[in-house]
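[1] Provided below for reference: sequence and predicted model.
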Amino acid sequence: MKFNYKKITFALLLGIATITHNSCNDKFFDAQPDNLLNIETIFSNRAQTENYWGGLYARIPDIWDQPYAFYFSSITDEMDISNWQEFAQNSGALSADNVNTSYVDYYNKIRQCQIFIDNVDKCDELLITENGPTIVKQYKAEAKFLRAYYYWLVMKMHGPAVLLPMNVDEAGADNYQIPRSSWDECVTFVLDLINEALIDLPVEHYQQNTSTPDGSQLGRINKMVAEALKSEITLFHASPLYNGNTDLANWKNLDGKQLINQSYDASKWKAAATQAKVAIDLALANGKDLFVRNGNSTFETGFLSTRDLFWDGYQKEGIWIRPSTQREQWERHASPRAVVGTPYNGLAVPQELVDDFRMADGSTISQSATYNENTYVNANTDYYVSGTNTMYTNREPRFYAYITFNGSKIPGVAKSGMNRVEYYSTGNSGKNGAPRDWPKTGYTARKNIHPGYGFNPSTTTNRVAMLIRLSELYLNYAEALNEAEPNNPDILIYLNKIRNRAGLPSLASGLSQAQMREHIRMERRIELCFEGKRYFDVRRWKVADQEGYYQGGIITGMDMSKGTHLSDPAFHQRVVAVERADWNDKNYFMPWHQMEIDRNKALVQIPGY
């Protein structure tokens, strides 16, 4: 169908709207209705109406920007930035007085979405344009989806949420003494909203009269995005934190209403598997696939495919794309000081994550006969130089695409005369060279650093952020299916697709459900590291207090205070790099800020706060 969209890129529209509609209101529960005259003016004009619509997208998190990416990764076992900032979650000081209040922005957007839904039909200038009624339906569908999505972001952080009146003008809409709805009620609510939006969403936004995606509309909500988000929601809903969690039996509203279902329901895993397959099939039918960049060997193909995915593969693999991203924030903080311009060199990777990357043959470091931390190689490769410790050799391709280590080739444009990263104490990126710009663990994140990146002079490669990509849907499907039908052959088929793309051999059949579960969880840890997933995964699995998943205590690394040359054994010693507070079960959810508890007397706090 032909649509008469104005010739303006969606990314630009989103950027303009962010400036216009991005004000922060730290008194959400005291919020007053928007000035009616302003609303009438906005929806009397097509340009202003579409600007308001673009603004509804403004609070979609950027997974590579500093506030979101560093925060959620740095309060898990996949990253540390305590040389720069100590988070209350890590020190044990998190309270209802200092908790993150991003939910305020999400509730503001929830309200704006409903204002748009209630008023866009009043814009005669938009309705009378060619295909105007259809365009309005699509805009409203996107607003319905976004309303559900912002609720979902609140739910992921804070659990059962406060659901606001649907119509901001209806009687009683200014009553903000509203209790939490139960988790099950919240999930039903957001899924219903998404299903309602799906009726009027296109599968993809195409160029006029073609089947070619319109690049100027990149990032707009479509059916593929909606089905993919439903996959995430149903996967969470089936997970142990929400499905029969008797540890939260006492979490109730003031009237005694149970907030977390106490009865385990195995059918939720089946529903999650079914939904993941729906999302996968829709994506594949519309040209999506795992991105592959062929190299001279299976290993090189795995390396190039997982490295270049983030700038060359998003159109192939990306399902939900954020067209505007501050990826340069990520690159400057992650890149070692050996990169031209001396970046900040501080997104430290724990030894525990380094150890979880497998060997090239798919074995773990404990299973491998070749893994050794006491010897050094005497040959250069494309990934590390002669003199590198053998603990970093013969590892899986993603290790070299995602992790920077002592002796690794320099990510980005190297400083003159340098050909390697040196994290030992006196090295070019070591502790002695800067007061704070060094990683406490002796490793930094390498993922999503472009090989042409330079800090000063600045050389950057524009790209997007993938909020959901096809490999995540494959992992969703494998996980849910393993819980619902442990012997289903699709589990291995889809898990092995990701492993094979990454240069790893296929897993063989015959694994138990528990063994498969661990493989799937490890694959999520590695494949999706630093993408904002780990924080929520360990919580929904309800394993944050268990070995291999522990979210607190000691983080180890190499000895950054030692070493005067690349092969110095003094540096290559496992030491305590960071000490965090022990895990506390109250941290499965974030508390509401105390100011909301004080204002909304019907709002109960999570147990423990």
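    Perfect, thanks for sending it.
[2] from here on, contacts and neighbour counts on C-alpha atoms
    Fine.
[3] so which residues of the chain form strands?
    318-322, 403-404, 444-445, 465-469, 554-557, 575-579 (DSSP state E).
[4] for Arg332, which of these is the nearest?
    strand 444-445 (11.1 Å; C-alpha to C-alpha).
[5] what mean pLDDT does the closest one get?
    Mean pLDDT, computed over strand 444-445, is 98.
[6] ok, residues contacting it?
    Residues external to strand 444-445 that are found in contact with it (C-alpha atoms under 8 Å, 6 or more residues apart in numbering): 334-336, 345-349, 402-405, 530.
[7] longest helix anywhere in this structure?
    Longest helix of the chain, by residue count under DSSP state H: helix 132-158.
[8] list the buried residues of it.
    By 16 or more other C-alpha atoms under 10 Å, the buried positions in helix 132-158 come out as 132, 135-158.
[9] stretch 89-101 now?
    In stretch 89-101, counting by 16+ other C-alpha under 10 Å, buried: 89-90, 94-96, 99-100.
[10] now the terminal residues of that stretch, how far apart.
    Using C-alpha to C-alpha, to the nearest Å, one end of stretch 89-101 lies 14 Å from the other.
[11] for stretch 391-406, same thing?
    Criterion C-alpha to C-alpha; first-to-last residue distance in stretch 391-406 is 11 Å.
[12] before we move on, what about stretch 88-99?
    This stretch, stretch 88-99, spans 8 Å end to end (C-alpha to C-alpha).
[13] likewise stretch 309-317?
    The straight-line separation of the ends of stretch 309-317 (C-alpha to C-alpha) is 8 Å.
[14] mean confidence score for that stretch?
    The average pLDDT for stretch 309-317 rounds to 97.
[15] quick check: buried residues in it?
    Per 16+ other C-alpha under 10 Å, stretch 309-317 contains these buried residues: 309-317.
[16] before we move on, back to that, which among the contacts of strand 444-445 gets closest to Phe303?
    Tyr402 (9.5 Å).
[17] break down the stretch 351-500 of the chain into its helices, ranges please.
    Assigned by DSSP state H, counting those that start in this stretch, the stretch 351-500 of the chain shows helices spanning 351-356, 397-402, 470-484, 490-501.
[18] who does the last one touch, helix- and strand-wise?
    Applying 3 or more C-alpha pairs under 8 Å, 6 or more residues apart in numbering; DSSP states H and E, one finds that helix 490-501 contacts helix 298-312, helix 470-484.
[19] the inter-axis angle of the last one versus strand 318-322?
    Here the directions of helix 470-484 and strand 318-322 differ by 120 degrees (axes from the mean of the first three to the mean of the last three C-alpha atoms, to 10 degrees).
[20] could you check the angle helix 490-501 makes with helix 470-484?
    Using the same axes, to 10 degrees: helix 470-484 against helix 490-501 is 150 degrees.
[21] would you format the buried residues of stretch 309-317 as JSON lines with distance to Arg293 included?
    Formatted as JSON lines, the buried residues of stretch 309-317 follow (distance: C-alpha to C-alpha, whole Å):
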{"residue": "Leu309", "distance to Arg293": "8"}
{"residue": "Phe310", "distance to Arg293": "12"}
{"residue": "Trp311", "distance to Arg293": "12"}
{"residue": "Asp312", "distance to Arg293": "9"}
{"residue": "Gly313", "distance to Arg293": "9"}
{"residue": "Tyr314", "distance to Arg293": "12"}
{"residue": "Gln315", "distance to Arg293": "13"}
{"residue": "Lys316", "distance to Arg293": "11"}
{"residue": "Glu317", "distance to Arg293": "12"}
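[22] nearest to Leu193, of those?
    Glu317 (26.0 Å).
[23] give me the outermost residue of the chain relative to its centroid.
    Relative to the centre of the chain, the most outlying C-alpha is that of Ile128, 39.9 Å out, by C-alpha atoms, centre = their mean.
[24] that older thread, ok, and the most crowded of the contacts of strand 444-445?
    Highest neighbour count within these: Pro336, with 34 neighbours (other C-alpha atoms under 10 Å).
[25] residue contacts, that one?
    By C-alpha under 8 Å, 6+ apart, the contact set of Pro336 is 342-346, 410-411, 421, 429, 444.
[26] same list (the residues you listed) but as a markdown table, adding distance to Phe236.
    Below are the contacts of Pro336 laid out as a markdown table (distance: C-alpha to C-alpha, whole Å):
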| residue | distance to Phe236 |
| --- | --- |
| Thr342 | 41 |
| Pro343 | 37 |
| Tyr344 | 35 |
| Asn345 | 34 |
| Gly346 | 32 |
| Ile410 | 38 |
| Pro411 | 35 |
| Val421 | 39 |
| Ser429 | 40 |
| Thr444 | 30 |
